[in-house]
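**Q** Okay, sequence plus prediction incoming.
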Amino acid sequence: MAQALVRFLASQYVERDGVEQRFFAGCWGIFGHGNVAGIGQALHERPDDLRYYQARNEQGMVHAACGYAKMRDRLATFACTTSIGPGATNMVTGAALATINRIPVLILPGDVFSSRAPDPVLQQLEVPWAGDISVNDVFRPVSRYFDRIMRPEQIVPAALAAMRVLTSPADTGAVTIALPQDVQAEAFDVPEEFLAKRTWHIERRLPEAAAIVRAAELIGAAKRPLIVAGGGVIYSGATEALRKWIDATGIPVAETQAGKGALPFDHPFALGAIGVTGTSAANQIAREADLVIGIGTRWTDFTTASKTAFQDEKVRFINVNVAEFDAHKHAGLALVGDARATIDALAGWVYTVEPSYREKAQRLAREWSKEVDRLYSLGHTPLPAQSEVIGAVNEVAGPRDVVVCAAGSMPGDLHKLWRTRDPKGYHVEYGFSTMGYEIAGGVGAKMAAPDREVFVLVGDGSYLMMAQELVTAVQERIKIVVIVVDNHGYASIGGLSRSLGSQGFGTQYRYRTSGSLGLDHPGPQGDTLPIDFAANAASLGAISERVRTITELRAALTEAKRVERPYVITIETDRYESVPGYGSWWDVAPAEVSGLSEVKESRERYEKGRKTERRHLRPTE
Ligand SMILES: Cc1ncc(C[n+]2csc(CCOP(=O)(O)OP(=O)(O)O)c2C)c(N)n1
Ligand SMILES: [Mg+2]
């Protein structure tokens, strides 16, 4: 059965806009009992069908698959095979990341014997009240399709169902097919058609014509329209269509994390990031917008600033989305369809914003650009600020190069400050915001785009969460440049904690003193932990160097671009020199009752903030 599955996977293709490509670039795997003799044997016997890649941690291999699939606009991905038990459950975080970000990845965890003959086997979870549960049931809520193959012939409908979901722009995410180890090795009569080359056509579905007319009428009546570009714009390849449409209409564009890069940063109507980590320009235009056109966004709290971003009493929403589920959010006019096809349809209607509105948006965008210049060149001493690190990397990076990040203070700062010049130049996983995605995801991104430099910006905390895929980069000769930003622990959460009155408790990497891990505040500090990131990276086989200043960082980055090996640069930054917020709010609730005056004050501020939260229930007639 495993042999049939491997041959099937190798025969799957997708086609969009007349371009056909193979869907599976290979299979990541770590072997153990549960896949060594099944899928492992099949991969070994037919190495040309599906190339095998070894990883260090099963979570890392799902991240690499996601990084690859995101970079390839979801038109290609990997399968991931594991042993039973911990090897399998290590993939749960990766599966959740894939599903939340709507990125296709095929998860193939090994499972316990379907015969149950040798039960309980090593690593088997025994549930006294249910015979049909294994640890792989934890994949159900984080998968868009789940199946367990109890008889070999079940693989036929399961594999086809899996492919439908993986290649569906609306439904895609993690797909899990749990493979009991005895069934993997069983023989069955495989229908020849099952193994034949199969091409999945990715359609560009259009909303119904009447919905387009209603949307055009709403746009025609709008005085202060704003487009919010989400990941759907990038995945659909709609950036050129979007640019043409706004050049004709003058509607300004703000970007979500997944949508950043929809416009080049210096387009006159590009307002940049919106929401909690938004720019002054986008957040001001959002506050006053009377019509918000969300394209390919699922409206997370970071995008809507916890529903405080849009304050016009009469604001309405139009949602262009392949997923009906998202198209109906905020009581919006639902345009269920592909981003590019729908933009092209809307562009058939003539509309232009008033000159005063256009000028205001352009002025705000120019003012924001000056703020970025300022933050790029603070000259902060004795330690540089994180914004200067971003500036240095951005200046050394070429126009098509890619920045990768996922968690900590860096994604928010990148969202505001990174100057994106190419739709695929900004790769930040902020759906699940998974510490540990960075290096493994960067490996996948580089595999998908070997002609681009990939710069992975990773916090010290996230590096310690999952740095070991550096070994995979060394093994596969995948050249990524990693910049470890060392600010002694969880600076982002330290700042959040202080703002909530919890004094940064438990967020800094310091020796334990008098029974406490201490509080986090500027000024004299206890001893920070003596972690040598440069030595750690070198020990894994990467070229590694530590720099102290922005000038040294620029030189190291230039050298890293020249060298064709994984390259890690460590720089210490000032933990307390953070990029400000620009008129936004995030709903994080402090305790209603506390003995600490800071918590009480923060709760009072919170109550005030919460009053500005909108419901967005206004129906669109
Ligand atoms: C796997 C995981 N655990 C916990 C969190 C919650 N969290 C978000 S940011 C953060 C700290 C990140 O530290 P670091 O990478 O050093 O970045 P910094 O905040 O210092 O910029 C934590 C713990 C998370 N996002 N992911
Ligand atoms: Mg840190």
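**A** All right, it came through fine. Ligands and ions are numbered 1, 2, ... in the order given.
**Q** Spell out which parts of the stretch 351-500 of the chain neighbour ligand 2.
**A** By CB under 5 Å from the ion, the residues of the stretch 351-500 of the chain that approach ligand 2 are G459, D460, G461, N487, A491. Backbone N, C-alpha and C define where each C-beta goes, glycine included.
**Q** ok, now with 8 Å
**A** 408-409, 459-462, 485-492 (CB under 8 Å from the ion).
**Q** Any idea how far stretch 494-508 is from the middle of the chain?
**A** Taking CA atoms, centre = their mean, to the nearest Å, the mean C-alpha location of stretch 494-508 is offset from the chain mean by 25 Å.
**Q** anything in that stretch near ligand 1?
**A** No - residues of stretch 494-508 contacting ligand 1 under CB under 6 Å from any ligand atom: none, with a closest distance of 7.3 Å.
**Q** which of the residues in that stretch are buried?
**A** Residues 494-504, 506-508 are the ones in stretch 494-508 that count as buried (16 or more other CB atoms under 10 Å).
**Q** Work out for me the element the residue located most distally from the centre of the chain sits within.
**A** Outermost residue of the chain with respect to the C-alpha centroid, by CA atoms, centre = their mean, is A117; its distance is 42.0 Å. Using DSSP states H and E, A117 sits within no helix or strand.
**Q** With the one 10 residues further on instead?
**A** When secondary structure is defined using DSSP H and E, no element contains V127, which sits outside every helix and strand.
**Q** ok, it - contacts?
**A** Neighbouring residues of V127 by CB atoms under 8 Å, 6 or more residues apart in numbering: I133.
**Q** Okay, and the beta partners of V484?
**A** V458, T570 (DSSP bridges).
**Q** Among the residues of the stretch 351-500 of the chain next to ligand 2, name the ones in strands.
**A** Among those, DSSP state E puts G459, V485, D486 in strands.
**Q** if you skip the residues just before and after it, what's nearest to the residue of the stretch 251-400 of the chain found nearest ligand 2?
**A** Ligand 2 sits closest to Q386 of the stretch 251-400 of the chain, with a gap of 9.3 Å, by CB to the ion. Taking CB to CB, 6 or more residues apart in numbering, and ignoring the residues beside it in sequence, Q386 has T573 as its nearest neighbour in space, at 5.0 Å.
**Q** In this structure the one you found contacts V485, no?
**A** Yes - with contact defined as CB atoms under 8 Å, T573 counts as touching V485 (5.5 Å).
**Q** More neighbours: which of the two?
**A** Higher neighbour count among T573 and V485: V485, with 27 against 23, using other CB atoms under 10 Å.
**Q** State the pLDDT value of the more buried one.
**A** Turning to V485, the model gives it a pLDDT of 98.
**Q** Quick one: residues contacting it.
**A** Per CB under 8 Å, 6+ apart, neighbours of V485: Q386, V389, M410, L457, V458, G459, D460, I571, T573.
**Q** next structured bit after the helix or strand harbouring the second one?
**A** Okay, so that is V389. For V389, the host element (DSSP H and E) is helix 386-396. For helix 386-396, the following helix or strand on the C-terminal side (DSSP H and E) is strand 402-405.
**Q** So D373, which state does it fall into?
**A** The local conformation at D373, judged by DSSP: H, G, I helix; E, B strand; the rest coil, is helix.
**Q** any idea how far R419 is from it?
**A** 10 Å (CB to CB, to the nearest Å).
**Q** And F310, by the same measure?
**A** Counting by CB to CB, the gap from F310 to R419 is 26 Å.
**Q** The two: which has the busier surroundings?
**A** F310 (23 against 19).
**Q** On the three-state scheme, the more buried one is what?
**A** F310 ends up coil, using three-state DSSP.
**Q** residue contacts, it?
**A** F310 neighbours (CB under 8 Å, 6+ apart): A286, R287, A289, V292, T304, R614, H616.
**Q** And for whichever strand or helix holds A210, what's in contact with it?
**A** Following DSSP H and E, the helix or strand that holds A210 is helix 209-221. For helix 209-221, the surrounding residues in contact (CB under 8 Å, 6+ apart) are 206-207, 225, 249, 291, 293, 316, 318, 333-336, 342, 345-346, 349, 351, 620.
**Q** Please save the CA atoms from it in CSV.
**A** Output in CSV follows, covering the C-alpha atoms of helix 209-221 (Å, rounded to 0.1, in the frame of the first residue of the first chain):
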residue,chain,number,x,y,z
ALA,A,209,-22.6,38.9,-11.7
ALA,A,210,-25.2,40.5,-9.4
ALA,A,211,-22.8,40.6,-6.5
ILE,A,212,-20.2,42.4,-8.7
VAL,A,213,-22.9,45.0,-9.6
ARG,A,214,-23.8,45.5,-6.0
ALA,A,215,-20.1,45.9,-5.1
ALA,A,216,-19.5,48.4,-7.9
GLU,A,217,-22.5,50.5,-6.7
LEU,A,218,-21.1,50.5,-3.2
ILE,A,219,-17.7,51.5,-4.5
GLY,A,220,-19.2,54.2,-6.7
ALA,A,221,-20.9,55.8,-3.7
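**Q** Contact residues of this structure facing ligand 1?
**A** Residues of the chain lying near ligand 1 (CB under 6 Å from any ligand atom): 407-410, 433-436, 459-462, 465, 487, 490-493.
**Q** element containing the closest residue to S115 other than its chain neighbours?
**A** Excluding the flanking residues, the one nearest S115 by CB to CB, 6+ apart is D182, at 5.5 Å. Assigned by DSSP H and E, D182 belongs to helix 181-185.
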